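Trainee: Have a look; sequence and predicted model below, questions after that.
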Amino acid sequence: MTAQYQVHGDIAVITLNNPPVNGLGLSTRQGIADGMAQANADAAVKAIVITGAGKAFSGGADITEFGSPKALQEPNLISVIKVLENSEKPVVAAIHTVAMGGGLELALGCHYRIAAPGTSIALPEVKLGLVPGAGGTQRLPRVLGVEPALNMIVSGEPIKSEMLAMLPGQKLFDKLSASAESLAEEALAFARSVADVRPLPLVRDLKCKHPQGDAYFQFARNMVKGMSKNFPAPGKCVDVVEAATKKKFDEGMQVEREAFINLMFTAESKSLRHLFLAERAASKIADVPSDTAQRAINSVAVIGAGTMGGGIAMNFLNAGIPVKMLEMKQEALDRGIATIRKNYEAQVAKKKLKQDKYEQRMSLLTTTLSYDDLAGTDMVIEAVFEEIGVKEAVFKELDRVMKPGAILASNTSTLDVNKIASFTKRPEDVVGLHFFSPANVMKLLEVVRGEKTAKDVMATVMSIAKKIKKTAVVSGVCDGFIGNRMIEQYGRQGGFLLDEGCTPEQVDKAMEKFGMAMGPFRMGDLAGNDIGWAIRKRRYTEKPDMKYSKTADLLCEKGRFGQKTGAGWYDYVPGKRDAIPNAEVVAMIEEHRKALGITPRKISDEEIVQRLVFSLVNEAAHILEEGIAAKASDIDIVYIFGYGFPAHRGGPMNYADEVGLFNVVQAMSRFAKNPLDDAKFWQPAPLLARLAAEGKTFN
Ligand code: NAI
């Protein structure tokens, strides 16, 4: 049973006990209902306390039940709350640590609420593309006032109990306990003090009005619309809270119910729920149990103070972990440190970082020119030039000086991690940590597991990733790992589209309309077109029969490397990031087309999106089949957190599932017939073909 029942003198205590956060799954809901029946039937019981065991009052609905019949199975949460409201004996919620979503709604159904200071209070449903579904939108405005409640519901952000307790006239809490430790005792005493109160107070009976009703809600609606263009849920939050102010309680509940159910079936909500579960799943590695002993990481060394080294170091400084940076020359160190300072100072100027915090972080940073100084550090991350010879020299030095058990990581983006490991006598301690640029900003971290990487190294780096606030995904060793291997195919399709009749602007616009943070050509300009150029030059010898458009090479031959040279597919004004279309580039593409004898055709946005996104999907299917990625949802996480794929589409694999794999394969066979495209590439990967034939999905 995931809810326990105990009697303390004349008070019954129902304790939710469904670790980790006392999710309100079916058995917990049943436990509460049973406890309520028992307490009301027992003449010796005068009042009831509901609380949570362990690390939460309740984190809310059991998300694994979402969309499954179990979530609706009686007693559902709305029915349980009715049981509380109809109880003949007073019910007191004793809230601590976390009361979110359904957990907060449950508390709002109680007659009284006593909270420990420091409790995180939220209705986070909007983050899953939903509105609260068990009365939260109707009851929270009644106890907090319309504006504070709507802010909480639209943002989904948690607020501490002591902050909410300061709101004038709030009725959310009847009392704050002196401390978390004294909550249980104080709740029992409070329950005794209200045991004889009749009639019992109900939140639903409180008034809910806004003095400037229509004007306020119009204003709120405009604000929300501007911020949430691809998501219907925030706008719905405004509608349902407005209903709370204009309709009777039960009618308002009906409005909330309808909004909840309609949103539950939207692609946006499905995508967000998928990502929520995918992110949690990504941190688990099938053959590395969660109780694997970890190595202690209390200090880190970074080799190379360039673009990546500096950003990587900042992640650890931000987390309070000391960093020692090594370079070949003092000037390089000075330049690296100056960049880190500049980054932090910009944050201080924007008031995102306090001066003393900045100084504290910088005090954790030391530098050296000598490998011998690294002997005491627990982990080292190499971010030197991307050349295997340079990596070899560095790893031999690391092997010589690092203490036994230290983790040796490489930030290589293309080189073979197994080969790098072989430069040492301890390949089991070597792992790839592929950060994305800018490394202090981008959330994604690809953890590249070498053939010999030890399990405890994997467990340790996954937990370090969490500590530095990265979303880590495990990748096997292959050229480009998960993300860049897929983006290469996407880039190739982009090139064909130019040859066939598109402008870079048309392709980018179509992809940005689809929801990508940036189209492929703006992205190329940001990352540097020379990087792709270098890779293609390698491919021309490695894979001579792979087909490429030559336009990107022609662009690079003009020195148009992107933002860093002020010119790429677009022009850039110094200090600004706006992409300004360039007539010369368009003429260059047209001339190239002419030289190839291609008559340009008009290509629809739909075709652009499908060719680019399905190229990702087909390559991803190969990646899955080869075991480079363990699960399709990992690939979705890589693309959402590392490549600006729109969250409301849930990642490329989730999107393909939504479109239907049968349709994806049909589209591919159409693309394969296009003589200017690459027919061989469009042969569906065996896994994709199989799933499509069986009517199955990736996720
Ligand atoms: P960078 O050229 O900005 O920095 C490299 C730094 O390493 C330079 O400061 C150089 O002085 C130093 N260095 C070179 N050889 C060294 C040695 N033997 N000992 C000590 N320091 C040495 O290069 P960037 O962009 O930071 O790249 C570094 C690594 O990160 C490469 O492996 C690259 O593939 C990878 N990477 C780069 C990304 C990017 O977007 N720039 C993204 C992800 C990974």
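Mentor: Alright, I've got the coordinates. These numbers were taken from a predicted model, which means no experiment stands behind them.

Trainee: In contact with the closest residue to the ligand within the stretch 151-300 of the chain, which residues?
Mentor: Minimum separation of the stretch 151-300 of the chain from the ligand (Cβ to the nearest ligand atom) falls at residue 300, amounting to 15.4 Å. In short, each C-beta sits where N, CA and C put it, glycine included. Contacts here follow Cβ atoms under 8 Å, 6 or more residues apart in numbering; on that basis residue 300 touches 313, 316, 321, 322, 323, 324, 377, 378, 379, 380, 381.

Trainee: in stretch 142-153, what counts as buried?
Mentor: Under the neighbour-count criterion of 16 or more other Cβ atoms under 10 Å, stretch 142-153 has 142, 143, 144, 145, 146, 148, 149, 150, 152, 153 buried.

Trainee: One more: stretch 550-559?
Mentor: Residues of stretch 550-559 classed as buried by neighbour count (16+ other Cβ under 10 Å): 551, 552, 553, 555, 556.

Trainee: now stretch 651-662, how far from the chain's geometric center?
Mentor: The gap between where stretch 651-662 is centred and where its chain is centred comes out at 19 Å by Cα atoms, centre = their mean, to the nearest Å.

Trainee: contact partners of that stretch?
Mentor: 267, 270-271, 274-275, 278, 486, 613-614, 616-617, 620, 632-633, 635-637, 639-640, 645, 649-650, 664, 688, 691-692, 695-699.

Trainee: Pull up the residues of the stretch 201-350 of the chain that are close to the ligand.
Mentor: Residues of the stretch 201-350 of the chain that fall close to the ligand, judged by Cβ under 6 Å from any ligand atom: 303, 304, 305, 306, 307, 308, 309, 326, 327, 328, 332.

Trainee: what would those residues look like in TSV with secondary structure?
Mentor: Below are these laid out as TSV (DSSP: H, G, I helix; E, B strand; the rest coil):
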residue	secondary structure
303	strand
304	coil
305	coil
306	coil
307	helix
308	helix
309	helix
326	strand
327	coil
328	coil
332	helix
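
Trainee: and the least confident of these?
Mentor: In terms of pLDDT, residue 307 ranks lowest among those, with 91.

Trainee: and the residue nearest to that one when sequence neighbours are not counted, what does it touch?
Mentor: Closest residue in space to residue 307, ignoring its immediate chain neighbours: residue 437 at 6.4 Å, by Cβ to Cβ, 6 or more residues apart in numbering. Going by Cβ under 8 Å, 6+ apart, residue 437 touches 307, 308, 311, 527.

Trainee: ok, the second one - contacts?
Mentor: Translated: residue 308. 383, 411, 435, 437, 439.

Trainee: again, but for residue 225
Mentor: Per Cβ under 8 Å, 6+ apart, neighbours of residue 225: residue 235.

Trainee: Check which helix or strand it maps to.
Mentor: Residue 225 belongs to helix 213-227 when assigned by DSSP states H and E.

Trainee: Which positions within that helix qualify as buried?
Mentor: Those buried within helix 213-227 under the rule 16+ other Cβ under 10 Å are 216, 217, 220, 224.

Trainee: Report the secondary structure element holding the residue lying closest to the last one once chain neighbours are set aside.
Mentor: The shortest distance from residue 224 to any non-neighbouring residue, by Cβ to Cβ, 6+ apart, is to residue 234 (4.6 Å). Element membership for residue 234 (DSSP H and E) is helix 233-246.

Trainee: Following that helix in sequence, what is the next regular element?
Mentor: Helix 233-246 is succeeded, C-terminally, by helix 249-264 (DSSP H and E).

Trainee: Nearest to the ligand within this structure, name that residue for me.
Mentor: residue 306 (1.8 Å).

Trainee: Could you pull up the residues touching that residue?
Mentor: Neighbour list for residue 306: 332, 336, 383, 384 [criterion: Cβ under 8 Å, 6+ apart].

Trainee: Select from those residues every entry located in helices.
Mentor: Of the positions in the contacts of residue 306, 332, 336 sit in helices, assigned by DSSP state H.

Trainee: Name the member of the contacts of residue 306 with the most neighbours.
Mentor: Counting neighbours by other Cβ atoms under 10 Å, residue 383 comes out on top of the contacts of residue 306 with 26 neighbours.

Trainee: residues contacting that one?
Mentor: 302, 303, 304, 306, 308, 309, 312, 411.

Trainee: Most neighbours out of those residues, which is it?
Mentor: residue 302 (31 neighbours).
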